[in-house]
Each structure stands twice: as C-alpha cells, then as structure tokens.
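Undergrad: I would like the atomic coordinates for the input below:
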Amino acid sequence: MHKINFLFSFLLLMACSGLALGQDTKAAGSPTIAQVMNRGVFSVEGEFVPAAEAMPEDKYSFAPASGEFNGVRTFAQEVKHVAAVNYLVGASILEEKPPVNLGSENGPDSVKTKADAVKFLKDSFAYVHKAISSINSTNLLTPIKSPFGEDKVTRLDLATLIVGHCFDHYGQMVEYLRMNGVVPPASR
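TA: Down below sits the predicted model:
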C-alpha cells in the first residue's frame, strides 16, 4: 500500500513540476518552482512530524522483533534517519556541507531523547525548505553531486526524493504506532 502512495505522490509531484516548468512567463499569482516543490515537502512534513510526536517517550526505542522484523530500525532510529537524510539531501541541493554533524545516515548518537529527535527532525525540515527554496528554472536540472555516491543528479531528483523517502519511512512509523496502540494523527 505504501508503494502505491509513494508512486502516487511521486507522479503528482512530477506533474506539478512539469506544469511549473512549462510556464514561460510568471503570471500574477503563479507559483514558482520552489513553491510547488515546497508544497510536497510541507505535505509529508505535516504527516511525519505529528507521527513522530505521537509515539510516547517510553516507546521510542520500540522495534518489532518477531517474524520478518528482526534487525529493523527502532522508532527513534526511523525519525533520526529521515532527519539525517533530509540534511544530506538539503546540503547537496545547496552544494554545501550539512550544517550539523550527522554521524551517519542514521543521525548523530547525541540525539537520544524523544524531544531531541523531534527537534532534530523539525530542524531538518526547515533546512530542506531552505534548500528547496533555492531551486529555480535556471538550476533545477543542473547536474550536481549526489549525497549517495552517484555521479550526478539534479535538484529536481533530490527534491522529489525527499517526499518519497519520508513517506516510505512514514509508512513504517504508522505500523510501529499502531503496534503500540497509538492511532496515527492523520487517521484520527
């Protein structure tokens, strides 16, 4: 189900991006490319952050252990991982080093509490918005270095990756919430 949601989100974002690119002139009130791309990030942020806030502090270390779940990330690690990737991708879009020490793609070890993880997550979304706000018709398709070792990607690639990546992990977090008797905020 979350693959269908990811595909739908990705296709919708691509369609919106195509519409934005197809505009030769900016009519009064027409959104910029950055505004269109930021809408997708605001959408996933509006689902992801409340889900991160909904899990009780004492369940932040929860990870299913039976069946095919052996070795998966804990809820806290899911939150930290998404935040760390947000920073990596945002830094690539801006062509700079991440503004915080990430430790790894699973986030810094210094982020230990729920409050720390939620702050790290919110700050990562603020940074992603800053990065996406720098995207325009001139640099949208300019090849840049990927944060994941590929030769070159575009800012459009990375901006759409953020939405898909966050929704992928959001689906996992929803399962973790429900396994702990918490109804995800988006389902309330």
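
Undergrad: Wasn't Y170 part of a strand?
TA: No - using DSSP: H, G, I helix; E, B strand; the rest coil, the assignment for Y170 is helix, not a strand.

Undergrad: What number of neighbouring residues does it come out with?
TA: Using other CB atoms under 10 Å, Y170 has 21 other residues around it. Backbone N, C-alpha and C define where each C-beta goes, glycine included.

Undergrad: where's it relative to K130, distance?
TA: 22 Å (CB to CB, to the nearest Å).

Undergrad: Equivalent analysis for A186, please.
TA: In terms of CB to CB, A186 sits 25 Å off from K130.

Undergrad: Same check on M37?
TA: 12 Å.

Undergrad: Tell me which of the two has more neighbours.
TA: M37 (30 against 13).

Undergrad: Model confidence for the more buried one, exactly?
TA: Note for M37: predicted pLDDT of 95.

Undergrad: Am I right that it is in contact with I135?
TA: Yes - at 5.9 Å, M37 counts as touching I135 under the criterion of CB atoms under 8 Å.

Undergrad: what sits in contact with each of the two?
TA: 156, 159 (CB atoms under 8 Å, 6 or more residues apart in numbering).

Undergrad: Helices of the chain, start to end?
TA: Using DSSP state H, the helices of the chain run over residues 2-21, 33-54, 75-94, 114-133, 155-179.

Undergrad: Now for the closest residue to S137 other than its chain neighbours, how many residues are close by?
TA: In this structure, S137 finds its nearest non-sequential neighbour in I33, 6.0 Å apart by CB to CB, 6 or more residues apart in numbering. Neighbours of I33 under the rule other CB under 10 Å: 23.

Undergrad: same question, D58
TA: D58, neighbours per other CB under 10 Å, totals 9.
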